[in-house]
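A.B. asks: Need coordinates for the following:
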Amino acid sequence: MRSLIRLSIIALVLAAPGAFAAEAYRLETWAEGLEQPWSIAFLPRGGALVTELPGRLRQVDASGAVGDPLGNVPAVYFAGQGGLFDVVLHPGFAENRLVYLSYAEGGPRDNGTAIARGRLGAASLEEVEVIFRNFTRKDTPMHYGGRMAFLPDGTLLLTTGEGFDYRESAQDRVSGLGKVIRIRDDGGPPADNPFPGAPRVFSYGHRNPQGLAVTAGGSVWLHEHGPRGGDELNRIERGANYGWPAVTHGIDYSGAMISPYTSLEGMAPPVHVWTPSIAPSGLAIYDGDLFPAWQGDLFVGALVDREVRRLVLSGGQVVSEEPLFSELDARVRDVRTGPDGALYLLVPNRVVRVVPGAR
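C.D. replies: Residues are numbered from 1 along each chain as shown. Prediction:
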């Protein structure tokens, strides 16, 4: 009932004139000629690294020129939803040049989400090592999760999906499926994770999380795909159970009921729910200077609606939602705030930059 009330309030806010402080923007292509770009990480001296799902990592210079694929990238399992996923820089990148990649590895009968790290060289990654392989294997090329983010304490978060056919594993704390994993920067388990019997598990009960962002103060926001309906935005807390599949606002793709419950005691409720599904992908907390009215807002790619959703927060709750950039008419895979204060959107063959200006 509380979720229905929240959705009704948001609908009223969306309908109200002047619900948003309008920001005039212009969309411009920053980098093009990419194939299924999945993630972007900005380099401290300008430019960025961009992953392509088929398994390539490219460096883009400050002007947007796309370089040749970098060497020594780990082989990926490019099938179904699998491939090369996220790229993040170590917090000490300026000194150590460490780059982290998440990806699907293995083959049709034995695959999972992995993390490799290496030092960025002129034309390749150097000293590459795999620091994490999902310890629970699966035989489906689906639901890998694959988003990463560093916490202020220097530990690394990774989202994992439940493999589609293994949704009950999300409730098994010992399984590596349907989890937020927390590891040290070398892949080892931190001593203060919540479950001694599952030393790398930070939270559980997730379906397929593909949006992850951390505020400067350490708050962790995550969104995940629901089935038919029931996409969720969650605020992640240490040791919490987020319910899937025991509770859900969605139904099976066949139309069958997955669970009669949308809430249960001991399971963290979502902050926000999308029904029908928007297929959320990519998540950014806007902290730039170019768009003052967007400060602190969340930006979520909506694959189904081929747009971006801006979520305005107050007191840790979503108080309004605004669809943006539908004129792109493209599936937005990732959303990031750039060091220049622009918003960057990854669409199937290019990177688009959002800057102030007339629409």
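
A.B. asks: Distance from stretch 80-89 to the middle of the chain?
C.D. replies: Chain-centre distance of stretch 80-89: 10 Å, with CA atoms, centre = their mean, to the nearest Å.

A.B. asks: who touches that stretch?
C.D. replies: For stretch 80-89, contacts defined as CB atoms under 8 Å, 6 or more residues apart in numbering pick out 36, 38-41, 43, 49-57, 73, 76-78, 98-104, 111, 113, 140-144, 146-150, 156. All C-beta atoms are positioned from the backbone trio N, CA, C, and that covers glycine.

A.B. asks: So which residues of the stretch 101-250 of the chain form helices?
C.D. replies: Here the stretch 101-250 of the chain has no helices by DSSP state H, counting those that start in this stretch.

A.B. asks: For ChimeraX, write the selection for the buried entries among the contacts of stretch 80-89.
C.D. replies: Burial among these is assessed by 16 or more other CB atoms under 10 Å; the matching ChimeraX selection reads:
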select :36,38,39,40,41,43,49,50,51,52,53,55,56,57,73,76,77,78,98,99,100,101,102,103,104,111,113,140,141,142,143,144,146,147,148,149,150,156
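
A.B. asks: so what's Ala250 scoring on pLDDT?
C.D. replies: Slight slip there: residue 250 is Gly, not Ala. Looking at Gly250, its pLDDT is 98.

A.B. asks: Can you pull the phi/psi pair for it?
C.D. replies: Gly250 adopts backbone torsions of phi -110, psi 180, taken as degrees, to the nearest 10.

A.B. asks: I'd guessed it sits against Glu232; true?
C.D. replies: No. Using CB atoms under 8 Å, Gly250 is not in contact with Glu232; the gap is 9.2 Å.

A.B. asks: Mutual contacts of the two, please.
C.D. replies: Gly226.

A.B. asks: Find the residue closest to the residue positioned nearest the centre of the chain in space, skipping its chain neighbours.
C.D. replies: Centroid-nearest residue in the chain: Gly211, 2.1 Å away (criterion: CA atoms, centre = their mean). Of all residues not flanking Gly211 in the chain, Leu283 sits nearest, at 3.2 Å (CB to CB, 6 or more residues apart in numbering).

A.B. asks: Correct me if wrong: that neighbour contacts Thr337.
C.D. replies: No. Using CB under 8 Å as the test, Leu283 is too far from Thr337 to be in contact (10.8 Å).

A.B. asks: Which one's more surrounded, the two?
C.D. replies: Neighbours per residue (other CB atoms under 10 Å) separate Leu283 from Thr337, with Leu283 holding more: 24 against 21.

A.B. asks: Figure out the helix or strand that that one lives in.
C.D. replies: strand 280-285 (DSSP states H and E).

A.B. asks: List the neighbouring strands of that strand plus their orientation.
C.D. replies: Paired neighbours of strand 280-285 in the sheet (DSSP bridges): strand 298-302 (antiparallel).

A.B. asks: Any idea how far the strand it pairs with is from the middle of the chain?
C.D. replies: How far strand 298-302 lies from its chain's middle: 10 Å, per CA atoms, centre = their mean.

A.B. asks: what's downstream of that strand, the next helix or strand?
C.D. replies: Strand 298-302 is succeeded, C-terminally, by strand 307-314 (DSSP H and E).

A.B. asks: Sheet partners, orientation included, of that following strand?
C.D. replies: As defined by DSSP bridges, the strand partners of strand 307-314 come to strand 298-302 (antiparallel), strand 317-324 (antiparallel).

A.B. asks: Give the rounded mean pLDDT of the first one.
C.D. replies: Right, the one you point to is strand 298-302. Per-residue scores along strand 298-302 average to 98.
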